[in-house]
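J.: when you get a sec, could you give me coordinates for this:
(2 chains)
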There are 2 protein chains.
Amino acid sequence: MAFVTNNSSKSRNTYVRKFSDLGFEHIEKSAIYPTCYSAALVIKEQLKIPPQSKVWVFGDEGIEQELKECGYIPCGGSDPSLDSEWDPDSPILKIDQEVKAVVVGSTKKLNYMRLATTVQYLLVDEKSIPFIGANIDTTYPGPKGMILPAGGPMVNLMSYTCGRDFINVGKPSGLLLNTILQDQKFDRERTLMVGDTMYTDIKFGNDGKLGGKNGGTLLVLSGGSKLGDLKNIEDKSTEPQYYIESLGHLFDLLK
Amino acid sequence: MAFVTNNSSKSRNTYVRKFSDLGFEHIEKSAIYPTCYSAALVIKEQLKIPPQSKVWVFGDEGIEQELKECGYIPCGGSDPSLDSEWDPDSPILKIDQEVKAVVVGSTKKLNYMRLATTVQYLLVDEKSIPFIGANIDTTYPGPKGMILPAGGPMVNLMSYTCGRDFINVGKPSGLLLNTILQDQKFDRERTLMVGDTMYTDIKFGNDGKLGGKNGGTLLVLSGGSKLGDLKNIEDKSTEPQYYIESLGHLFDLLK
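T.: Residues are numbered from 1 along each chain as shown, chains lettered A, B, ... in the order given. Predicted structure coming up:
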């Protein structure tokens, strides 16, 4: 079993502690794939950016932690000089030539200083610095029935402002799926993707041909996608092979 | 002569003072069209939203001032409870049923509280509250050669997050042009649009058929669009009839 989340805010170490706090003691770091980790993996293994390079971060601490574990030097991110009101004279606006990639993920620390500084790196040298987007999720269910902005709006904000596309390292990226299958030694034909959102989770499994001819996607209706969404599917790649009301029902069936 | 700007941050009164400070004493309020004003005009004259209605604002004080002058009650905007860190328990997140429209414009006060509260209004009642976007400009030239995010990214951020389109009240909106021609009693065939950006200013004049058969668009090369952009025009509606290096050259020619 592996856990894959498009939330880039928390590192694998943080998730291990979170699982442990919830009473799941035996979930290992090596089975957890938040997009902060997949971003660092892609920078290292696909883009082959040399260790000790600087990577500019727009997003939360998880990204900084995973970059450090992969041997990179994060900058931007949680730097306190980015917390201030807009200041065009701030030294952080001066391009650092050692920055070799930009990672954008979800954050609630969105402000104009972060937007403007990140844009400088995405535009410099004819937009040649690799731009990694940690997810495409537009919204997530918040407290009291609220629908709240997720990481997709942050990635799209940068993409729109700079007029350039990004490398998606979250679900439904095939790059991520192949890394997980290889890491975990999962058999593609015998793997089932369980998730609550059709355009990310289910598409991830379908595009990756999980489950072979039987189909390897199970939608859980307790999150992003609702029963109504199943009746109005325009893109076949988002259609789950199976669906179930909640994860609890799955445990009952497995008993 | 009329002045049309996609900057929604400053009200007409503020521009009158700014012109006066620059030594232009005789420019009247009635000749100035910032998008904060056109947003209020569209709400009143096109959408016919009753006076004394509340209008939710994501943007700067100019929008609030022009809404007040048109008889509306702005909310959101510069409300200090929006300056804080994200707080899902903040009372400002509770939908106010008296809000009848949402205006989004440029601002440097971008933060998650403002993003999340605005999204609540854009999603409520099956996305039925009118959504007015004050401009589509992606960037503007900042100090020290920097390229900085303009209001378009703010409007697009809301549009993307909520999966809905907006009413554009800035250039190149035909709605705005017709209002100006009527207000100022300009003859469409004898009107020239002078501007520095092809996809907003020049398109505004071309789409509006200014200048009749002669064409009524003059690009000034000292701002958003450069000489190189003239050599690579994909969309004919953005092609100026005339171009000139700077406004100073125009004054020389008129002498």
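
J.: residues from the stretch 101-250 of chain A in reach of chain B?
T.: Contact residues, the stretch 101-250 of chain A versus chain B (CB under 8 Å from any CB of the partner chain): A:107-112, A:115-116, A:119-120, A:123, A:138-139, A:142-144, A:146-149, A:152-153, A:156-157, A:160-161, A:163. No exception for glycine: its C-beta is placed from N, CA and C like everyone else's.

J.: now tell me what touches the helix or strand harbouring residue A:64 from outside.
T.: Taking DSSP states H and E as the definition, one finds residue A:64 inside helix A:61-69. Applying CB atoms under 8 Å, 6 or more residues apart in numbering or on different chains, the contact partners of helix A:61-69 are A:7-14, A:34, A:36-37, A:39-40, A:43, A:55, A:57, A:73-74, A:77-78, A:103, A:105, A:134.

J.: before we move on, the earlier item: just the buried members of the residues of the stretch 101-250 of chain A next to chain B?
T.: Buried members of these, scored by 16 or more other CB atoms under 10 Å in any protein chain shown, are A:107-112, A:115-116, A:119-120, A:123, A:138-139, A:146-149, A:152-153, A:156-157, A:160-161.

J.: restricted to strands, list those.
T.: Residues of these located in strands (DSSP state E): A:139, A:147-149.

J.: dump those residues into a markdown table; add pLDDT as well.
T.: Output for those, formatted as a markdown table (pLDDT from 0 to 100):
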| residue | pLDDT |
| --- | --- |
| A:139 | 93 |
| A:147 | 95 |
| A:148 | 96 |
| A:149 | 97 |
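
J.: among those, which two are most distant?
T.: A:147 and A:149 (8.5 Å; CB to CB).

J.: which element is residue A:102 on?
T.: Short version, using DSSP H and E: residue A:102 is in strand A:99-104.

J.: can you tell if the next helix or strand after the helix holding residue A:64 touches chain B?
T.: As assigned by DSSP H and E, the chain's next helix or strand after helix A:61-69 is strand A:73-76. No. Using CB under 8 Å from any CB, strand A:73-76 stays clear of chain B, with a minimum separation of 15.5 Å.

J.: how far is the helix holding residue A:64 from where the chain is centred?
T.: 13 Å (CA atoms, centre = their mean, to the nearest Å).

J.: same question for stretch A:62-77.
T.: That offset, for stretch A:62-77, works out to 15 Å (CA atoms, centre = their mean).

J.: list the buried residues in it.
T.: Going by 16+ other CB under 10 Å, stretch A:62-77 has these buried residues: A:62-67, A:70, A:72, A:74-77.

J.: biggest separation within those residues, which pair?
T.: A:70 and A:76, at 16.6 Å, using CB to CB across these.

J.: about what we covered before: in ChimeraX, select just the buried ones from the contacts of helix A:61-69.
T.: Burial among the contacts of helix A:61-69 is assessed by 16+ other CB under 10 Å; the matching ChimeraX selection reads:
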select /A:7,8,9,10,11,12,14,34,36,37,39,40,43,55,57,74,77,103,105,134
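
J.: can I see the domain layout of chain A?
T.: A:3-168, A:188-254 (the TED database).

J.: now do the worst-scoring helix or strand of chain A on mean pLDDT: distance to the chain's middle.
T.: The least trusted helix or strand in chain A, going by mean pLDDT, DSSP states H and E, turns out to be helix A:247-254, with a mean of 80. Computed by CA atoms, centre = their mean, the chain-centroid distance of helix A:247-254 equals 27 Å.

J.: helices or strands next to that helix in the packing?
T.: Contacts defined by 3 or more CB pairs under 8 Å, 6 or more residues apart in numbering or on different chains; DSSP states H and E place helix A:247-254 against strand A:217-220.

J.: what count of nearby residues applies to residue A:51?
T.: By other CB atoms under 10 Å in any protein chain shown, 9 other residues sit near residue A:51.

J.: likewise residue A:26?
T.: Residue A:26, neighbours per other CB under 10 Å, totals 7.

J.: mind checking the SS state of it?
T.: Under DSSP: H, G, I helix; E, B strand; the rest coil, the three-state class of residue A:26 is coil.

J.: re the thing from before, which residues are in contact with both of residue A:147 and residue A:149?
T.: Common neighbours of residue A:147 and residue A:149 (CB under 8 Å, 6+ apart) are A:139, B:119.

J.: who's in contact with the residue nearest to residue A:51 when sequence neighbours are not counted?
T.: Distance criterion CB to CB, 6 or more residues apart in numbering or on different chains; nearest residue to residue A:51, sequence neighbours excluded, is residue A:71 at 3.7 Å. Shown in contact with residue A:71 (CB under 8 Å, 6+ apart): A:44, A:51-52.

J.: helices of chain A, start to end?
T.: A:12-21, A:35-41, A:61-69, A:112-127, A:152-162, A:174-184, A:203-207, A:247-254 (DSSP state H).

J.: isn't residue A:53 right next to residue A:100, touching?
T.: Yes. Using CB atoms under 8 Å, residue A:53 is in contact with residue A:100, at 4.1 Å.

J.: the two: which is more packed in?
T.: A count of neighbours by other CB under 10 Å puts residue A:100 above the other of residue A:53 and residue A:100, at 19 against 15.

J.: ok, that one - contacts?
T.: A:49-50, A:53-55, A:129-130.

J.: which of those residues lies closest to chain B?
T.: If you rank the contacts of residue A:100 by distance to chain B using CB to the nearest CB, residue A:129 comes first, at 14.6 Å.

J.: now the closest one. Its backbone dihedrals?
T.: Dihedral angles of residue A:129 (phi, psi; degrees, to the nearest 10) stand at phi -70, psi 130.

J.: tally of neighbours for it?
T.: Count around residue A:129 with other CB under 10 Å applied: 18.

J.: same check, this time on residue A:19
T.: 18.

J.: residue A:138 contacts residue A:150, correct?
T.: Yes. Using CB under 8 Å, residue A:138 is in contact with residue A:150, at 6.1 Å.

J.: not counting its neighbours along the chain, what's nearest residue A:87?
T.: residue A:113 (7.1 Å).

J.: next one: residue A:90
T.: Per CB to CB, 6+ apart, closest to residue A:90 is residue A:81, 6.1 Å.

J.: which residues touch the nearest residue to residue A:220 once chain neighbours are set aside?
T.: Leaving out its chain neighbours, the residue that sits closest to residue A:220 by CB to CB, 6+ apart is residue A:196, at 4.9 Å. Applying CB under 8 Å, 6+ apart to residue A:196 gives the contacts A:219-225.

J.: quick check, nearest of those residues to chain B?
T.: Closest to chain B, out of all of those and judged by CB to the nearest CB, is residue A:224, at 13.3 Å.
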